[in-house]
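Q: Sequence and predicted structure below; questions after.
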Amino acid sequence: MVRLSAFYNSIFRCTLAALLSGVFAFNAIAQSIKNRPKSAPDQDFMYQYSIIDALMAGVFDGDLTIGQLKKKGDFGVGTFNRVDGELLIDKGHVYKISYDGSVKEVPDSDSTSAAFVKFFKADTVIHLNGPGLTYEKVQEQIRHMLNPNGIYALRISATFPTMTTRAEKPASKPYTSLPEHLKHNQIVFELKNTKGICSGFLLPPYLARTNVPGFHLHYLADDHKSGGHIFNFTADAVTVEVDRAKGFTVENNTNAEFGKVNLQPDRGAELKKIE
């Protein structure tokens, strides 16, 4: 009997040791999973702060800083509080093209009332050759090559014999609508023989009232001495980098004025006139 007891005791100890070993191993695996670094969020989406109809209606101030915006994308377009000039982001650098024609990189403490950005990585590169390419012809050829339902970030580089752009003077309170403000505070630049990039988006019609359907591009000269919102250009050859987004996310303007503005009217016709 003594020998039998010792035998069962030995089996019990071995079984207990195996169970404890399994528990420790499970805990180690669980802790390893817990401590494993989280995967980076999917960055292949367009992000926008505020909506175009709010900007059209006169919501000219926002609470999103440039530092916060840069966490959402390293490429894109927009404006600043008080619609003080045109905003362009390229390779993580944020530039302001002012109404006096000057260009400067802005600090992270500045804020935006509307911006549309993405982490840019080209999926496709298109080369278009002229001579006599115009902005309109470039748009036609790009549209012909891309699916009309897609959301695309576009980076167009070239030497431009002519480039027509604009920038706005800052608004003063009480704010009017954007079309009213632009009637008297839009400065148009007729640039000659510049080399640079056109940055922005080609968006489908179903994004109307949220964003600008069609092409929305801003210009920055390589020497950082000129730029603005693009109306027209000519070129003999352009290189078009295309980055198709999986979708888009919208953050409503967090300024109190966004909650007070009337967003019921359809401002599509007004938007076409100023774009």
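A: Great, that's in hand.

Q: Arg166 falls within a strand, correct?
A: Yes - according to DSSP: H, G, I helix; E, B strand; the rest coil, Arg166 belongs to a strand.

Q: Show the contacting residues for Pro204.
A: Going by Cβ atoms under 8 Å, 6 or more residues apart in numbering, Pro204 touches Pro148, Asn149, Gly150, Ile151, Pro213. In short, each C-beta sits where N, CA and C put it, glycine included.

Q: Write down the beta-bridge partners of Gly214, one by one.
A: Beta-bridge partners for Gly214, by DSSP bridges, are Leu203.

Q: ok, now which ones touch Gly247?
A: In this structure, Gly247 makes contact with Phe45, Met46, Ile151, judged by Cβ under 8 Å, 6+ apart.

Q: Closest to Thr249 out of the contacts of Pro204?
A: Nearest to Thr249 among the contacts of Pro204 is Ile151, at 11.2 Å by Cβ to Cβ.

Q: Quick check, that closest one in contact with Asp44.
A: No - using Cβ atoms under 8 Å, Ile151 makes no contact with Asp44, being 10.3 Å away.

Q: where do the contact lists of the two overlap?
A: Residues touching both Ile151 and Asp44 by Cβ under 8 Å, 6+ apart: Ala245.

Q: Which of the two has more residues huddled nearby?
A: Taking neighbours as other Cβ atoms under 10 Å, Ile151 and Asp44 compare with Ile151 leading, 21 against 14.

Q: so who does the more buried one touch?
A: Counted by Cβ under 8 Å, 6+ apart, Ile151 has contacts Met46, Phe201, Leu202, Leu203, Pro204, Leu207, Arg244, Ala245, Gly247, Phe248.

Q: Now list the buried members of those residues.
A: Burial by neighbour count, 16 or more other Cβ atoms under 10 Å: within the contacts of Ile151 this picks out Met46, Phe201, Leu202, Leu203, Leu207, Ala245, Phe248.

Q: excluding its backbone neighbours, what's nearest the third one?
A: To tie it back to what came earlier, the one meant is Leu202. Tyr152 (4.4 Å; Cβ to Cβ, 6 or more residues apart in numbering).
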